[in-house]
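Trainee: the following block contains a protein sequence and its predicted model.
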Amino acid sequence: MKRAVDEKLTDFLDRELGTVESLIPDDYRERFHEFIELVRWKLLGLIGAYLKSPAFETSLRSYLQRTGDQLLARDLESFLSPENYRTLQTHLDERLGTLLASPELAEAVAHFVDDRLERLLQSDRCLRELLPEDLIEVLFAQLEREIPPLLERFGGLLHDPAFRSRLVDRIQKGINSFLDSLGGLAGLLSGFINLDQIYAKIPEFLDKAAEEMADWLREEKTQQQVAAMLRERLEGFLDKPVCSFMEKVPYEKVAGMRRFLRERAVSAVRSRRATEMALSMVDTSVQKIKDRSFRSLLDQALPDGGVNRLQYTAVDKLLALLCSTEAEKALDRVLQSQIEEQVYRRKLGRLSARLPADVRAELAEGLCRQLGDVLTKEVPPLIETLNVARMVEEKVNSLDILKVEGLLLGVMQEQFKYINLFGGLLGFLIGLLNLLLITLL
């Protein structure tokens, strides 16, 4: 029986099976389809009812609360090992480089610069309104700090040979222009004034003027006056509308300036330095927060109790989504597609390829055991119920005597032949034995 079970099981497991539907007889296909559809609707109803039950809500809230607390207690460093952080930096470097060098971003930056410049140049607001107050104060403070070295440098210009040469040349041209403007008096004055001596005195005059001017520029009062004057000019500059600066500028220059700024902005964004700055900012931000837990970061960013409200709201949103009509339709589509794939399209193939050897042996042993139990329990009562002996006796008694004799002769005829052959052989052996005894005696 075990060999028969093994053979039948091997034949079944090694058979190339089609889809689950193909295993169902044709007469029962329609019922099978109805059963599959009923199972789908039952599953959909059971899942939907469970998702809407208080037990599921309690379980989901408990799980998300526990998982959320565990996650919020961790920090960024626990997720980012040094190797993972280097991998992340490399990935960010590649992605940022690709993003910043993309034509789409260049077009967006150019459009942004053009739009901002257009709004700025047409704005009636003054620079003071556009610039932060802190920045204006920094500009004034920086201007006051730069005045002393600026005046010092200006005073030193009179000692610069190239500047002195140009200044002397300008003074001489000024004197000559003045004399030419006098007309006839120029000849009269030339008789009283020696221009060569005046020209020769100019360098000496410049030396004295340079010393006096340098001393004058070093005076605190002078520096304060210059600072006040520049501050007044800058105040007036800041109070002018932005559009007034471009009123007398030709359109070509404005367009050229906008094109220059646009190209410079795009070039700056696409440069390697922009990528490095972005990576540096990311690294600086990560280094500042990597040792802090996510809960502390959220507590700092959100109002008091914001983290708990956020968790509760997230669970409410998730529950509403899972219980919504859209989720039910999506689940129905998933069930339909999976049933269609697993029952009607996917072939089972050879089951032996999916069953390990030990499982196959256990299956054969279990079938033999079950079959033995069935035979042990069911066959004796069945034989007793059927009374096979009585049925055979009645069948034989109902036959004609001659037919019974013919049947018995037909059954025993072959046996009689072997009996006759055996009797002849036995008689030959007995006769041979008697002959041997007579000879010996």
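Mentor: Here it is on my side, so go on.
Trainee: elements contacting whatever helix or strand residue 366 lives in?
Mentor: Assigned by DSSP states H and E, residue 366 belongs to helix 357-386. Under the contact definition 3 or more C-beta pairs under 8 Å, 6 or more residues apart in numbering; DSSP states H and E, helix 357-386 sits against helix 2-13. C-beta here means a position set from N, CA and C on the backbone, and glycine is covered the same way.
Trainee: per-domain residue ranges of this protein.
Mentor: According to automatic domain parsing, the chain comprises the domains 16-82+289-357, 100-271, 399-440.
Trainee: next, the angle helix 2-13 makes with the helix holding residue 366.
Mentor: Relative orientation of helix 357-386 versus helix 2-13 (axes from the mean of the first three to the mean of the last three C-alpha atoms, to 10 degrees): 120 degrees.
Trainee: quick one, what contacts residue 433?
Mentor: By C-beta atoms under 8 Å, 6 or more residues apart in numbering, no residues touch residue 433.
Trainee: equivalent analysis for residue 344, please.
Mentor: Residue 344 neighbours (C-beta under 8 Å, 6+ apart): 19-21.
Trainee: how about a cut-off of 10 Å?
Mentor: 19-22, 33, 36 (C-beta atoms under 10 Å, 6 or more residues apart in numbering).
Trainee: among those, which lie within helices?
Mentor: Counting by DSSP state H, the contacts of residue 344 place 33, 36 in helices.
Trainee: mark which of the contacts of residue 344 are buried, thanks.
Mentor: 20, 36 (16 or more other C-beta atoms under 10 Å).
Trainee: output the contacts of residue 344 as CSV; include the columns distance to residue 67.
Mentor: Formatted as CSV, the contacts of residue 344 follow (distance: C-beta to C-beta, whole Å):
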residue, distance to residue 67
19, 40
20, 38
21, 41
22, 45
33, 42
36, 36
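Trainee: possible to save the contacts of residue 344 as JSON lines with pLDDT and distance to residue 174?
Mentor: What follows is these, written out as JSON lines (pLDDT from 0 to 100; distance: C-beta to C-beta, whole Å):
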{"residue": "19", "pLDDT": "84", "distance to residue 174": "109"}
{"residue": "20", "pLDDT": "83", "distance to residue 174": "111"}
{"residue": "21", "pLDDT": "84", "distance to residue 174": "111"}
{"residue": "22", "pLDDT": "83", "distance to residue 174": "114"}
{"residue": "33", "pLDDT": "89", "distance to residue 174": "112"}
{"residue": "36", "pLDDT": "89", "distance to residue 174": "110"}
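Trainee: which one of the contacts of residue 344 is nearest residue 53?
Mentor: Set against residue 53, the nearest of the contacts of residue 344 by C-beta to C-beta is residue 36 (25.9 Å).
Trainee: just checking, that closest one touches residue 21?
Mentor: Yes. The pair residue 36 / residue 21 is scored as a contact, 8.7 Å apart, by C-beta atoms under 10 Å.
Trainee: any common contacting residues for these two?
Mentor: Joint contacts of residue 36 and residue 21 (C-beta under 10 Å, 6+ apart) are 343-344.
Trainee: go through whichever strand or helix holds residue 266 and flag the buried ones.
Mentor: Assigned by DSSP H and E, residue 266 belongs to helix 251-270. Using 16+ other C-beta under 10 Å as the test for burial, helix 251-270 gives 262, 265-266, 269-270.
Trainee: then stretch 310-325?
Mentor: Using 16+ other C-beta under 10 Å as the test for burial, stretch 310-325 gives 311, 315, 319, 322.
Trainee: so the first one is in contact with residue 63, correct?
Mentor: No. Taking C-beta under 10 Å as the contact criterion, residue 311 and residue 63 are not neighbours in contact, 11.9 Å apart.
Trainee: picking up where we left off before, same for the helix holding residue 266, what does it pack against?
Mentor: Contact analysis of helix 251-270 by 3 or more C-beta pairs under 10 Å, 6 or more residues apart in numbering; DSSP states H and E lists helix 82-100, helix 103-121, helix 272-289 as its packing neighbours.
Trainee: contacting residues around the next helix or strand after the shortest one?
Mentor: Toward the C-terminal end, the helix or strand that comes next after helix 272-289 (DSSP H and E) is helix 294-301. Helix 294-301 is touched from outside by 68-69, 71-76, 78-79, 289, 292-293, 305-307, 310-311, with contacts defined as C-beta under 10 Å, 6+ apart.
Trainee: can you give me the mean pLDDT across helix 294-301?
Mentor: Averaged across helix 294-301, pLDDT comes to 82.
Trainee: mind giving me the packing neighbours of the following helix or strand past it?
Mentor: Using DSSP H and E, the helix or strand that directly follows helix 294-301 along the chain is helix 306-322. Contacts defined by 3+ C-beta pairs under 10 Å, 6+ apart place helix 306-322 against helix 29-51, helix 54-72, helix 294-301, helix 325-339.
Trainee: so helix 306-322 versus helix 325-339, what angle?
Mentor: 60 degrees.
Trainee: can I get the CA coordinates of helix 306-322 in CSV?
Mentor: Extracted C-alpha coordinates of helix 306-322, given in CSV (Å, rounded to 0.1, in the frame of the first residue of the first chain):
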residue,chain,number,x,y,z
GLY,A,306,2.3,69.9,19.6
VAL,A,307,4.0,66.5,19.4
ASN,A,308,1.2,64.7,21.1
ARG,A,309,-1.4,66.5,19.1
LEU,A,310,0.5,65.7,15.9
GLN,A,311,0.6,62.0,16.8
TYR,A,312,-3.1,61.9,17.7
THR,A,313,-4.0,63.8,14.5
ALA,A,314,-1.9,61.5,12.4
VAL,A,315,-3.7,58.4,13.8
ASP,A,316,-7.1,60.1,13.2
LYS,A,317,-6.1,60.9,9.6
LEU,A,318,-4.9,57.3,9.1
LEU,A,319,-8.1,55.8,10.5
ALA,A,320,-10.2,58.1,8.4
LEU,A,321,-8.2,57.1,5.3
LEU,A,322,-8.5,53.4,6.0
